[in-house]
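Enquirer: just the structure for this:
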Amino acid sequence: MTKNYLTIKTNGQHEIDIKKSRFICYVKRIKDEDDAKKFIEKIKTINRKATHNCFAYMVGRDDHIQRESDNGEPSSTAGIPILRVLQMKHLHDTVAVVTRYFGGIKLGAGGLIRAYSNATSKTIDQIGIVKRVLQTQISINVDYSLGEKLKYHLEQERVNILNIKYTSKMTIIVAIDTPQIKPFQEKIINLLNDRVEFKIGQKQYLEVDYHPNQK
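Expert: Just a heads-up that it's a prediction; the model follows:
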């Protein structure tokens with residue numbers, strides 16, 4: 001895991017009704033393909049009386065695994081529309097299952113495509129999307145005489161401060177976007193005239209809300 005990516009904010013579900021048919025979409029974050037398969041089977045078990053349980057999922061930062069199923073609906077009218085929503089929203093490590101309870105009125109191929117697509121899209125819009133940003137923890141050690149200056153600078157730059165420790169020196173632990181470590185260190189060195197020590201820590205993902213128009 002070496003880059004930032006988008007995924008759903010949380011697991012959840014949403015239902016829409018179209019011409020007396022119920023379409024219930026369930027979405028979940030997944031770790032791997034086995035996780036996706038287990039979730040699909042769980043939803044099928046919960047909705048064993050449903051007419052169809054169609055699904056799609058994408059696994060991996062590079063989406064190296066992509067699967068979809070119409071589960072008895074006409075070819076390409078359910079699984080592919082669900083998958084396309086995941087692709088268009090650039091979601092990774094996500095599975096979506098859309099359960100249909102047939103209401104007696106046929107929708108036709110175009111109607112089915114719109115129904116499965118809308119059920120998936122509206123569910124994701126309700127739940128929300130997050131951007132998982134790969135960050136690295138950095139401990140910054142300075143003399144107490146420089147501590148407030150450093151803290152003020154970090155706050156002005158909106159740096160993610162994780163903790164502050166007070167021992168023989170002041171240690172401020174921050175999380176920095178991994179590609180920005182060098183520029184960040186150079187700024188701090190210049191700010192404090194090289195009177196600073198850094199200790200690089202572990203990498204972690206920070207989640208921030210994401211909106212489609214966000215760059």
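Enquirer: pLDDT weak spots in this structure?
Expert: Applying pLDDT under 70 to the chain flags the ranges 1-2, 213-215.
Enquirer: give me the domain ranges for this structure.
Expert: What the record gives for the chain is the domain set 5-127, 131-210, from automatic domain parsing.
Enquirer: mean neighbour count for the ones you listed - can I get that in JSON lines?
Expert: Any C-beta I mention is one placed from the backbone N, CA and C, and that applies to glycine too. Formatted as JSON lines, the domains of the chain follow (neighbours: other C-beta atoms under 10 Å):
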{"stretch": "domain 5-127", "mean neighbour count": "18"}
{"stretch": "domain 131-210", "mean neighbour count": "14"}
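Enquirer: how about Asp93, what does it touch?
Expert: Going by C-beta atoms under 8 Å, 6 or more residues apart in numbering, Asp93 touches 5, 7, 29-31, 58-60.
Enquirer: so which of these is the closest to Lys37?
Expert: When these are compared for distance to Lys37 (C-beta to C-beta), Ile30 comes out closest, at 9.2 Å.
Enquirer: how close does the residue lying closest to that closest one once chain neighbours are set aside get to Ile105?
Expert: Closest residue in space to Ile30, ignoring its immediate chain neighbours: Ala36 at 4.7 Å, by C-beta to C-beta, 6 or more residues apart in numbering. Between Ala36 and Ile105 the computed distance is 31 Å (C-beta to C-beta, to the nearest Å).
Enquirer: distance between the ends of stretch 65-74?
Expert: This stretch, stretch 65-74, spans 23 Å end to end (C-alpha to C-alpha, to the nearest Å).
Enquirer: remind me, longest helix of this protein?
Expert: Ranked by residue count under DSSP state H, the longest helix found in the chain is helix 108-127.
Enquirer: and that one, what does it pack onto?
Expert: strand 12-18, strand 21-29, helix 79-88, strand 94-101 (3 or more C-beta pairs under 8 Å, 6 or more residues apart in numbering; DSSP states H and E).
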